[in-house]
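1. Everything below, folded, please.
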Amino acid sequence: MEETKLYFEESYNFICNYKNLGEKNIISAVVHFDETTPHMHLIYIPVVHTKNKDGKEIDKVCCRDFWKGRDSYRNLQNAFYEYITSKGFDLQRGLPAEETKRKNETIQNYKQITNFENTKKVLESITLELPQTPNIKEFKRAIFNRDEKIENAIIKPRDELIQKLYQENKALHKELSKQVNTVDFAEDFKEDYIKMTEKNVNLRFSNNLLKEQLENKEKELELKYASKANNMEHEYKKEIYKLKQENKHLNKMIDKFKVTLKRFIKWLCHKFSYPSEDELVRDFEKETYTNFNFEKQLDISQYKKKDDDFDIKY
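-> Okay, here's the model as predicted:
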């Protein structure tokens, strides 16, 4: 029992590390002793460690990729054989089908080959008990201790034959039971396989549907933000054009005002007999504390800084 426990612990460790599966993806592992040979029922999630389209490492549930390749199950058996024997267990590896020339049979064919229905009936009628035989000592007394030839010629051969038939009967019963169990297991497995296949198809359909919905949503968002970006760009260009036109109009007004102002200064000098226009401007700036340079008076650099800040925030 201790060796059996160690064997299944190593078997469990092998599956955890096979194809880098990881223990976290094992759902259950239960050892059964309900048949002649102890065995483990292990359920796992077929997780594949791969990369997505962006090159990022991800874990993907995909049975097809986990069991990729025609010899995937054979590779598993070979790897398990090498691992478990390296741990000191005397495991026998079966021969490949290319050597044995054996092939898988359908459940229906297997039933015909093994005469399944009749086999079940035979099993029901077989009794595994030795027939009642008279006690040799009583038989001796019945024949009044006649010569031992009767015992050697009749009694012992008969007992040996009965014992031989009994052992053959036990072996036959065991073999027939294995055949019946194999067929029953195959039928149950076939039903489970059909259910799992249907479930797998439904999951693939749901996955494709979700993938399609996600792609449609991505396209919808791309169109939405592209449209919004175009609208913002259009409004931005429109506002720039408007400001340029206003700026152009203001520049014309300023230029016109400068010309008018020069004429006015010239007229004042002539009217009040001032020596020169520069002296008039100087006296005006001095008495009124006003700078005649409009750019300095308006502090254009302050407005330019605000414009730069506006550009950065945008």
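
2. residue boundaries of the strands in the stretch 51-200 of the chain?
-> With strands called from DSSP state E, counting those that start in this stretch, the stretch 51-200 of the chain shows them at 57-61.

3. Who are the packing partners of whichever strand or helix holds residue 40?
-> In the assignment (DSSP states H and E), residue 40 maps to strand 39-44. The helices and strands touching strand 39-44, judged by 3 or more C-beta pairs under 8 Å, 6 or more residues apart in numbering; DSSP states H and E, are helix 2-17, strand 26-32. The way it works is simple: take the backbone N, C-alpha and C, and place the C-beta from them, glycine included.

4. Partner strands of it and their direction?
-> Pairing partners of strand 39-44, with direction, according to DSSP bridges: strand 26-32 (antiparallel).

5. just the helices in this structure please.
-> 2-17, 63-66, 72-86, 97-100, 107-114, 116-125, 136-142, 149-150, 156-272, 277-288, 294-298, 300-313 (DSSP state H).

6. Present those as CSV; the columns should include distance to residue 28.
-> As requested, these are exported to CSV (distance: least, C-beta to C-beta, whole Å):
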stretch, distance to residue 28
helix 2-17, 11
helix 63-66, 17
helix 72-86, 19
helix 97-100, 31
helix 107-114, 27
helix 116-125, 32
helix 136-142, 56
helix 149-150, 64
helix 156-272, 15
helix 277-288, 97
helix 294-298, 83
helix 300-313, 59
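
7. Can you tell me the closest non-neighbouring residue to residue 74?
-> Sequence neighbours aside, residue 96 is the residue nearest to residue 74 in space, at 7.2 Å (criterion: C-beta to C-beta, 6 or more residues apart in numbering).

8. ok, how many other residues are close to the one you found?
-> Residues within reach of residue 96, counting by other C-beta atoms under 10 Å, total 12.

9. Please determine how far it is located from residue 236.
-> The gap separating residue 96 from residue 236 is 73 Å, by C-beta to C-beta, to the nearest Å.

10. wait, residue 291 sits on residue 282?
-> No - the pair residue 291 / residue 282 is not scored as a contact, 11.4 Å apart, by C-beta atoms under 8 Å.

11. Low-confidence ranges, the stretch 1-150 of the chain, go.
-> Under the criterion of pLDDT under 70, the regions of the stretch 1-150 of the chain flagged as low confidence span 113-116, 120-150.

12. ok, 80 please
-> 97, 102-150 (pLDDT under 80).

13. and among the helices and strands packed on strand 39-44, the most buried is which?
-> Compared across the helices and strands packed on strand 39-44, helix 2-17 shows the largest average neighbour count, a mean of 14 (mean count of other C-beta atoms under 10 Å).

14. Against which helices or strands is it packed?
-> Using 3+ C-beta pairs under 8 Å, 6+ apart as the contact test, the elements touching helix 2-17 are strand 26-32, strand 39-44, helix 72-86.

15. can you redo the ones you listed as a markdown table with distance to residue 263?
-> A markdown table is the format used below for the helices and strands packed on helix 2-17 (distance: least, C-beta to C-beta, whole Å):
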| stretch | distance to residue 263 |
| --- | --- |
| strand 26-32 | 97 |
| strand 39-44 | 97 |
| helix 72-86 | 99 |
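
16. Residue 160 is nearest to which of the ones you listed?
-> Each of these was scored for nearness to residue 160 using C-beta to C-beta, and the closest is strand 39-44 (36.9 Å).

17. okay, now residue 63: neighbour count?
-> For residue 63, the number of neighbouring residues by other C-beta under 10 Å comes to 13.

18. OK, contacts around the nearest residue to it once chain neighbours are set aside?
-> With sequence-adjacent residues excluded and distances taken as C-beta to C-beta, 6+ apart, residue 63 is closest to residue 46, at 4.4 Å. Taking C-beta atoms under 8 Å, 6 or more residues apart in numbering as the definition of contact, the neighbours of residue 46 are 61-63, 65-67.

19. Please report which of those has the highest neighbour count.
-> Counting neighbours by other C-beta under 10 Å, the top entry in the contacts of residue 46 is residue 66, with 17 neighbours.

20. Could you find the closest non-adjacent residue to it?
-> In space, not counting the residues next to it along the chain, residue 66 is nearest to residue 46; the distance is 3.7 Å by C-beta to C-beta, 6+ apart.

21. Max pairwise distance over the contacts of residue 46: which two?
-> Using C-beta to C-beta, the pair of those lying farthest apart is 61 and 67, separated by 12.8 Å.

22. before we move on, the earlier item: turn the contacts of residue 46 into JSON lines, including distance to residue 103.
-> As requested, these are exported to JSON lines (distance: C-beta to C-beta, whole Å):
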{"residue": "61", "distance to residue 103": "32"}
{"residue": "62", "distance to residue 103": "29"}
{"residue": "63", "distance to residue 103": "25"}
{"residue": "65", "distance to residue 103": "28"}
{"residue": "66", "distance to residue 103": "26"}
{"residue": "67", "distance to residue 103": "21"}
